[in-house]
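*Asks:* Test case, fold it:
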Amino acid sequence: MTSPKDVLEKLEARDFEALIGLMESEWLDAKETPYHLDSQKQKLELAKDVAAFANAAGGIIVIGFDCEKEPTTSSERICNVRQFPVSLVDPNKYSQILADLVHPPPHGVSVRVFEAADGKCAAAIFVDAGVASDKPYLVGKMLNEDDISIGSYFGYFERKRDVIPPVTIARIQQQLSAGMQWSSIDQRLHAIEANIATWGKGGAPAKGSSITQTVRKERLTAARAAVGWNDAPIVYYIASAEGDCDFPTLFRSPSERIVRLIDRPPQLRQQGFEISAGDCSEIVLGRLRRNMIAGYRLIELWKDGLFIYIAPGDEEFLGWRTRSEDRPIDINNFVLAESVLSFCWLLKFVFEEADPQPPVLRLTVGFDNLKRPSGLPTLSTTPEGGMRFPGSARSAPAEAVEVYQLAETANYDPEHLAFLLVADIYHWFGFDSMSVPYVDASGPKPLLRSKAIIGTALPVTVPMPDSC
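*Replies:* So this is what the prediction gives:
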């Protein structure tokens, strides 16, 4: 099953068990129990979930299906069918709540109940993107934990402030709809957020907000196109702010510390496998600095708190072996460990320059296009240079993966975060955490040991990098 309609066909046939094993995705969400519509928060949760699909590419919410978290991805997998009494879902009531809370009322949304022979059922909310054409859809009457209205919400953007201006949801929708005429989706979203951030309290607008998954993907796609890695094997590292963030000096001068950190990132050791690109960054569209060697590497820092690094995923960087199309890409586990550790370490200094600093960072490592005619990429648990034994190397289950970890900036530990990210990659290859090389598990939490990789402890400070 690769689409909402495929899932709908299985539900119509009452083949509920066929959904077991499906991963939650951009078009599929699973709920173990129906929404409790006697709760205002649950009504808003329903409206938010449906609007999120309607504002994207459509999708389906299946109800009556339990999930379990996958240790190797950010998604969950359907693991059980949990049928419930038919009386718990009233399609008319669901539709009325959506009409009340979503503006404009979403067309192309159907609530279906699929009754089985035993009087119990499963249900689904199908959002047809081909019919849902009045974007953007906004959800009103957002509440905080005390059930007090705190702001307006569209898509995944929630505005929280002490003072709510007297702007109706209909007026907001009119302004956003006009913005849809802009040619760049990314520019449109940024302008919308900046406009809404100026409402409420007087004075300067807010400095940013959490960066959504959609924005991350759009910016990564643009960065890949800029460096020329649309179809080639790549590895990428992304850090995004979860909360308000701004780099006020990013465009001030090439001599600013934050600019130098992007132009010439500090290195853990000479000629190591580090985060680096060219020598001098450029301001792009007044929104980011880009440091790039075309066709090779790229570093980007967006003013609102998104960092992107892209490097070759084959023997030019990640494989670090003699290139041969007759063999799969063999990921060098030392390159992987050192580059992830360097990434986590560098980001500590980068986000120290932010004002305000976000309370949480989302750190991501991803691979794409790592498949060759000779097979999928391989990874070994044997430290590079050691003798490999049978079973120490395994093939990846696919050509692409993305793993992430959330890190509190107040308790930021680069070695532990690097371990968590690398361990997730090893899990994807089918290894357990204890198989990850270069790890120190003697303390209260496992660390990707800097001494095993660079020979010394991680520097806790770095000098001012040279300017370009």
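
*Asks:* what about Glu352, neighbour count?
*Replies:* Glu352 has 14 neighbouring residues, counting by other C-beta atoms under 10 Å. All C-beta atoms are positioned from the backbone trio N, CA, C, and that covers glycine.

*Asks:* Using CSV, list the CA coordinates for the helix or strand in which Arg290 is found.
*Replies:* Following DSSP states H and E, one finds Arg290 within strand 288-293. Taking Å, rounded to 0.1, in the frame of the first residue of the first chain, the C-alpha atoms of strand 288-293 are listed here in CSV:
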residue,chain,number,x,y,z
LEU,A,288,20.7,32.6,4.7
ARG,A,289,24.5,32.3,4.3
ARG,A,290,25.8,29.6,1.9
ASN,A,291,29.3,28.3,1.9
MET,A,292,29.7,25.9,-1.0
ILE,A,293,32.0,24.1,-3.3
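
*Asks:* Is Val269 located within a strand, as I assumed?
*Replies:* To be clear, residue 269 is Arg; Val isn't right here. No. Judged by DSSP: H, G, I helix; E, B strand; the rest coil, Arg269 forms no part of a strand; its state is coil.

*Asks:* Tell me how far the strand holding Arg290 lies from the chain's centre.
*Replies:* Centroid separation between strand 288-293 and its chain, computed with C-alpha atoms, centre = their mean, to the nearest Å, is 21 Å.

*Asks:* Which elements pack onto that strand?
*Replies:* Helices and strands touching strand 288-293, by 3 or more C-beta pairs under 8 Å, 6 or more residues apart in numbering; DSSP states H and E, are helix 213-227, helix 257-263, strand 282-284, strand 297-302.

*Asks:* Run the chain-centre distance for the third one.
*Replies:* Read it as strand 282-284. The answer for strand 282-284 is 24 Å, by C-alpha atoms, centre = their mean.

*Asks:* Please work out which residues outside it touch it.
*Replies:* The contact list for strand 282-284, computed with C-beta atoms under 8 Å, 6 or more residues apart in numbering, reads 251, 289-291.

*Asks:* farthest pair in those?
*Replies:* Farthest-apart pair in the contacts of strand 282-284 is Phe251 and Asn291; separation 14.0 Å (C-beta to C-beta).

*Asks:* re the thing from before, which of the contacts of strand 282-284 count as buried?
*Replies:* 289-291 (16 or more other C-beta atoms under 10 Å).

*Asks:* give the contact list for Ala99.
*Replies:* The neighbours of Ala99, taking C-beta under 8 Å, 6+ apart as the test, are Pro105.

*Asks:* Quick check, Asp330 in contact with Gly313.
*Replies:* No. Between Asp330 and Gly313 there is no contact under C-beta atoms under 8 Å: 11.6 Å.

*Asks:* quick one: which of the two has more around it?
*Replies:* Gly313 (25 against 19).

*Asks:* Give me the next element, helix or strand, following the lengthiest helix in the chain.
*Replies:* For the chain, the helix with the greatest residue count under DSSP state H is helix 333-352. Once the chain leaves helix 333-352, the next helix or strand it forms, by DSSP H and E, is strand 360-368.

*Asks:* Would you map the strands across the stretch 101-250 of the chain?
*Replies:* Ranges of strands within the stretch 101-250 of the chain are 102-103, 109-115, 120-127, 138-143, 149-154, 157-158, 234-242, based on DSSP state E, counting those that start in this stretch.

*Asks:* Same list (those) but as a markdown table, adding mean neighbour count and distance to Val86.
*Replies:* Below are the strands of the stretch 101-250 of the chain laid out as a markdown table (neighbours: other C-beta atoms under 10 Å; distance: least, C-beta to C-beta, whole Å):
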| stretch | mean neighbour count | distance to Val86 |
| --- | --- | --- |
| strand 102-103 | 22 | 25 |
| strand 109-115 | 19 | 6 |
| strand 120-127 | 22 | 5 |
| strand 138-143 | 20 | 28 |
| strand 149-154 | 20 | 31 |
| strand 157-158 | 17 | 34 |
| strand 234-242 | 23 | 40 |
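
*Asks:* now Glu218: how far from Gly319?
*Replies:* Glu218 sits 28 Å away from Gly319, going by C-beta to C-beta, to the nearest Å.

*Asks:* correction: Val215
*Replies:* With C-beta to C-beta as the criterion, Val215 and Gly319 are 30 Å apart.

*Asks:* quick one: which of those two has more around it?
*Replies:* A direct count of neighbours by other C-beta under 10 Å for Val215 and Gly319 places Gly319 higher, at 24 against 21.

*Asks:* got a list of what the more buried one touches?
*Replies:* By C-beta under 8 Å, 6+ apart, Gly319 lies in contact with 313, 329-332, 335.

*Asks:* wait, Ile78 sits on Ile63?
*Replies:* No. Applying C-beta under 8 Å as the test, Ile78 and Ile63 come out as separate, 11.7 Å apart.

*Asks:* shared neighbours of these two, which are they?
*Replies:* Joint contacts of Ile78 and Ile63 (C-beta under 8 Å, 6+ apart) are Ala30.

*Asks:* what pLDDT does the nearest residue to Ala232 once chain neighbours are set aside get?
*Replies:* Excluding the flanking residues, the one nearest Ala232 by C-beta to C-beta, 6 or more residues apart in numbering is Asn369, at 6.1 Å. On pLDDT, Asn369 comes in at 95.

*Asks:* Give me the phi and psi for Asn369.
*Replies:* Note on Asn369: backbone dihedrals following degrees, to the nearest 10 are phi 60, psi 40.

*Asks:* Measure how buried it is and give me the count.
*Replies:* Around Asn369 there are 17 other residues, counting by other C-beta under 10 Å.

*Asks:* who touches it in this structure?
*Replies:* Asn369 makes contact with 231-234, 313, 399-400, according to C-beta under 8 Å, 6+ apart.

*Asks:* Gly119 versus the nearest residue in space to Phe343 that is not next to it in sequence, what's the distance?
*Replies:* Nearest residue to Phe343, sequence neighbours excluded (C-beta to C-beta, 6+ apart): Tyr237, at 4.5 Å. To Gly119, Tyr237 is 52 Å away according to C-beta to C-beta.

*Asks:* swap in Ile275?
*Replies:* In terms of C-beta to C-beta, Ile275 sits 59 Å off from Gly119.
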